[in-house]
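Colleague: test case, fold it:
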Amino acid sequence: MATLIEISNVTKSYGAQELLKEATIALAEEQKIGFIGRNGAGKSTLLRILLEEESVDSGQIVRHPNLRVGYLRQHDPFLPGESALDFLMRDSGQPDWRCGAVAGEFELKGRFLNGPVKELSGGWQTRVKLAALLLHEPNFLMLDEPTNFLDLRTQILLEHFLRHFRAACLIVSHDRGFLKATCTHTLELSRGELTMFTGDVEKFLEQKDIQRTHDERVNAATQAKMKQLERFINKNRANANTAAQARNKAKQLDRLELIEIEQAESTVRIRVPNVDQRKGVALRCENMSIGYPDHTVAGDVSFEIDHGTRTAVVGDNGQGKTTLLRTLVGSLPPVEGAPNWGYNCELGVYAQHVYTSLPQNWTVQQYLESEAADGVTTQQVLEVGGSFLFRGPLIQKEIKVLSGGERARLCLAGLLLSRCNVLILDEPGNHLDVETLEALADALLTYQGTVIFTSHDRHFVRRICTQVIEVQDGRVAYYPGDYETYLYRVEKEIDEHEAARGVKPAAVDSGAPAKKAKRDKKKPGSADPRKQLNKVEKKIATLDEQRQALQKTFVTLTDPAEAQKVHAELETIKSELATLEAEWFELNSELEEEWT
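Modeller: Alright, predicted model coming up:
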């Protein structure tokens with residue numbers, strides 16, 4: 001396997017901040033690499049270096065003579081009035097038939113191909129950019145946060161594209177689910193050092209935790225041995241009869257070394273507001289219409305949301321998810337009807353317009369104090385601010401100098417000081433790094449109030465969602481199933497569409513339930529679905545018991561090799577469970593059809 005790019009002893013600094021410290025790594029052909037690291041660690045800087053837009057302070061970058069880099073642009077490369085086809089022809093120099101054929105791989109047809117590209121949503125514009133990349137025939141793709149603001153279907157199409165792409169990729173993303181679905185390797189940038197791991201991001205992070213736990217245990221044993229030797233030496237060094245033994249023990253002590261364990265970086269620990277747990281209906285909508293004076297987005301909106309639930313509002317971009325949330329919180333009047341909130345519901349709202357319209361000259365502390373509920377002390381304000389990394393002098397930073405991510409964290413901190421019992425969150429993951437988003441998910445799982453939210457991050461939605469409302473094709477309705485079922489349905493639609501075009505189904509697991517070949521319609525003499533369902537349920541129960549037993553064993557292991565072996569067994573069982581759960585879903589659907 002040829003090396004496309006070799007990074008050798010590269011150092012890069014901005015002032016006192018050393019982003020790369022004698023970093024060395026080789027990037028080979030056909031590797032699909034997920035590139036992770038904290039915000040500000042230097043990931044984008046390394047991409048600019050590889051694109052030859054920035055130079056290094058020392059070290060060298062060796063590029064293969066046949067290297068052809070494709071870079072997914074975040075900025076807008078389109079000219080006013082230009083169609084997608086015009087852009088593809090201008091950007092690639094290829095004829096219209098060739099551009100049209102490649103565009104068709106991303107479902108760019110009709111008005112999406114021939115209409116003004118600037119009028120397309122962000123997701124469709126990303127499809128145009130991907131088609132442009134393919135037309136240049138690169139053998140090394142670099143993607144910087146490619147899933148930002150993409151709806152679910154476009155994310156899945158992008159995943160399928162990357163799985164079928166027969167060349168190397170370097171993908172920067174905060175979306176662990178996306179990286180797991182597309183990447184075979186993981187590259188981490190931390191404290192200026194690059195570390196490559198053969199495996200997806202979840203396996204990498206699990207292995208890091210295992211190794212850290214092992215090193216901590218070894219260090220604890222080494223420190224105990226050191227203290228034992230020191231006691232012997234101090235007790236016997238002055239005694240002529242035992243002085244020689246003391247010297248030998250001193251040599252043993254000198255040979256003992258502690259393993260250097262990287263200190264954990266600052267992490268967010270989010271405390272949720274203390275609210276009373278309530279029962280019954282929190283929100284009821286009946287025959288409501290949402291939209292604008294000249295355009296109704298969706299009509300006959302009828303659903304209920306109970307207290308204590310965490311409802312994901314899903315649907316493609318431009319279908320009206322944000323319109324629905326704005327209507328529910330009163331910032332947009334309904335076209336018809338009205339949302340009916342339960343008694344004593346206190347709404348806390350997080351949306352883009354909130355964190356872009358903060359008082360510029362206030363400090364972080366002033367804003368948090370203004371949002372805090374009656375009775376919240378200054379110490380509590382400081383503690384919550386600190387949990388969102390506004391510690392020490394940072395609590396006095398003025399809002400006008402905060403980054404987008406810092407403003408997002410500030411708004412979330414303000415919400416959690418307000419003690420609202422209903423949280424409305426519109427894309428809370430935008431501008432948050434992986435650790436902060438994970439901490440927010442942890443906090444929401446312990447929250448006793450009601451959560452209604454949208455998010456493009458499937459890993460985040462999967463963790464916290466308890467029910468789904470879909471906004472699609474002019475309707476808003478409670479979806480009869482959990483988020484996994486919804487993902488399965490969308491994946492199936494895309495697979496069927498690609499199969500109709502002759503595209504081979506993607507083979508890498510995306511986190512949705514595994515899909516099996518389409519079942520034949522029931523024929524005379526075929527197995528009774530009820531018996532099959534019962535058999536599948538028993539298999540699921542047995543495998544789940546095995547999974548739980550292996551997980552208990554896994555957390556006690558100290559040998560990394562043994563832990564890796566148990567982890568592989570766990571992954572096999574999880575895959576089998578996913579297949580059985582998909583089979584259970586299909587059998588259950590078959591029985592429901594019989595009953596109806």
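Colleague: contacts, neighbours, all on C-alpha from now
Modeller: Will do.
Colleague: tell me where the stretch 351-500 of the chain has strands.
Modeller: 422-426, 450-454, 467-472, 475-479 (DSSP state E, counting those that start in this stretch).
Colleague: tell me which of the ones you listed sits nearest to G315.
Modeller: Nearest to G315 among the strands of the stretch 351-500 of the chain is strand 467-472 (5.1 Å), distances taken as C-alpha to C-alpha.
Colleague: now what about the closest one, what contacts it?
Modeller: Residues outside strand 467-472 that contact it (C-alpha atoms under 8 Å, 6 or more residues apart in numbering) are 309-316, 319-321, 476-483.
Colleague: now, those that are in helices?
Modeller: K321, Y483 (DSSP state H).
Colleague: select only the buried ones of the contacts of strand 467-472 in PyMOL?
Modeller: Of these, the buried ones go into a single PyMOL selection, burial set by 16 or more other C-alpha atoms under 10 Å:
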select buried, resi 309+310+311+312+313+314+315+316+319+320+321+476+477+478+479+483
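Colleague: adding mean pLDDT, write the strands of the stretch 351-500 of the chain out as CSV.
Modeller: Listed next are the strands of the stretch 351-500 of the chain as CSV, based on pLDDT from 0 to 100:
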stretch, mean pLDDT
strand 422-426, 93
strand 450-454, 95
strand 467-472, 92
strand 475-479, 86
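Colleague: low-confidence ranges in the stretch 201-350 of the chain?
Modeller: Low-confidence segments of the stretch 201-350 of the chain (pLDDT under 70): 262-268.
Colleague: now do the domain split for this structure, please.
Modeller: 3-204, 281-480, 513-595 (automatic domain parsing).
Colleague: quick one: closest of these to I210.
Modeller: Taking those one by one with C-alpha to C-alpha, domain 513-595 is closest: 6.6 Å.
Colleague: how far away is the residue nearest the centre of the chain from T45?
Modeller: Central residue of the chain (C-alpha atoms, centre = their mean): D175, 2.4 Å from the mean position. Note on D175: its distance to T45, by C-alpha to C-alpha, to the nearest Å, is 20 Å.
Colleague: just E562 next, same as before
Modeller: 37 Å.
Colleague: identify the residue nearest the residue nearest to the centre of the chain in space, chain neighbours excluded?
Modeller: D457 (6.2 Å; C-alpha to C-alpha, 6 or more residues apart in numbering).
Colleague: quick one: neighbours of that neighbour, just the number.
Modeller: 25 (other C-alpha atoms under 10 Å).
Colleague: can you pull the contacts of it?
Modeller: Per C-alpha under 8 Å, 6+ apart, neighbours of D457: D175, G177, G429.
Colleague: equivalent analysis for E18, please.
Modeller: By C-alpha under 8 Å, 6+ apart, the contact list for E18 reads T11, K12, R191, G192.
Colleague: most neighbours, which of those?
Modeller: Counting by other C-alpha under 10 Å, top hit in those: K12 with 23 neighbours.
Colleague: does that one touch G59 like I think?
Modeller: No. The criterion here is C-alpha atoms under 8 Å, and K12 misses it with G59 at 9.1 Å.
Colleague: tally of neighbours for T327?
Modeller: With other C-alpha under 10 Å as criterion, T327 counts 18.
Colleague: err, T446, not the other one
Modeller: As a burial measure, T446 scores 13 neighbours (other C-alpha under 10 Å).
Colleague: and it, how far is that from G342?
Modeller: 22 Å.
Colleague: put the alpha carbons of stretch 9-27 into PDB.
Modeller: What follows is stretch 9-27, C-alpha atoms only, in PDB (Å, rounded to 0.1, in the frame of the first residue of the first chain):
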ATOM      1  CA  ASN A   9       8.800  15.600  12.700                       C
ATOM      2  CA  VAL A  10       6.500  18.500  11.900                       C
ATOM      3  CA  THR A  11       6.300  21.400  14.300                       C
ATOM      4  CA  LYS A  12       3.800  24.300  14.000                       C
ATOM      5  CA  SER A  13       3.100  27.000  16.500                       C
ATOM      6  CA  TYR A  14       1.000  30.100  16.800                       C
ATOM      7  CA  GLY A  15       2.700  32.400  19.400                       C
ATOM      8  CA  ALA A  16       3.100  30.300  22.600                       C
ATOM      9  CA  GLN A  17       0.600  27.600  21.400                       C
ATOM     10  CA  GLU A  18       2.300  24.600  19.900                       C
ATOM     11  CA  LEU A  19      -0.300  22.900  17.700                       C
ATOM     12  CA  LEU A  20       2.100  20.300  16.300                       C
ATOM     13  CA  LYS A  21       5.100  19.000  18.200                       C
ATOM     14  CA  GLU A  22       7.500  16.900  16.000                       C
ATOM     15  CA  ALA A  23       4.400  15.100  14.700                       C
ATOM     16  CA  THR A  24       5.100  12.100  12.500                       C
ATOM     17  CA  ILE A  25       2.500  10.000  10.600                       C
ATOM     18  CA  ALA A  26       2.000   8.300   7.200                       C
ATOM     19  CA  LEU A  27      -1.300   8.500   5.300                       C
END
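Colleague: which parts of it are buried?
Modeller: V10, T11, K12, S13, L19, L20, K21, E22, A23, T24, I25, L27.
Colleague: low-scoring stretches of the stretch 351-500 of the chain, by residue?
Modeller: 353, 431.
Colleague: which residues in it form helices?
Modeller: Remark: helices assigned in the stretch 351-500 of the chain by DSSP state H, counting those that start in this stretch are 352-355, 364-371, 378-387, 404-418, 434-446, 458-464, 483-500.
Colleague: any idea which of those helices is most buried?
Modeller: Of the helices of the stretch 351-500 of the chain, the one with the most neighbours on average (mean count of other C-alpha atoms under 10 Å) is helix 404-418, at a mean of 22.
Colleague: which residues does that helix contact?
Modeller: Here helix 404-418 has contacts from 271-273, 348-350, 354-356, 364, 367-368, 371-373, 376, 381, 384-385, 388, 399, 428, 430-433, using C-alpha under 8 Å, 6+ apart.
Colleague: make it 7 Å
Modeller: Helix 404-418 has contacts (C-alpha atoms under 7 Å, 6 or more residues apart in numbering) with 272-273, 348, 350, 355, 368, 371-373, 384-385, 388, 431-432.
Colleague: quick one: which two of those are the most distant?
Modeller: It's A373 and H431 that sit farthest apart of these, by C-alpha to C-alpha, at 25.9 Å.
Colleague: of the two, which one has the most company?
Modeller: H431 (19 against 16).
Colleague: how many residues are close by R163?
Modeller: Count around R163 with other C-alpha under 10 Å applied: 18.
Colleague: likewise for the one 10 residues further on?
Modeller: Residues lying near S173 (other C-alpha under 10 Å) number 21.
Colleague: neighbours around the spatially closest residue to it that is not a sequence neighbour, how many?
Modeller: Nearest residue to S173, sequence neighbours excluded (C-alpha to C-alpha, 6+ apart): E145, at 4.6 Å. Burial of E145 is recorded as 16 neighbouring residues (other C-alpha under 10 Å).
Colleague: isn't E145 right up against D175?
Modeller: No. With contact defined as C-alpha atoms under 7 Å, E145 does not reach D175; the gap is 8.4 Å.
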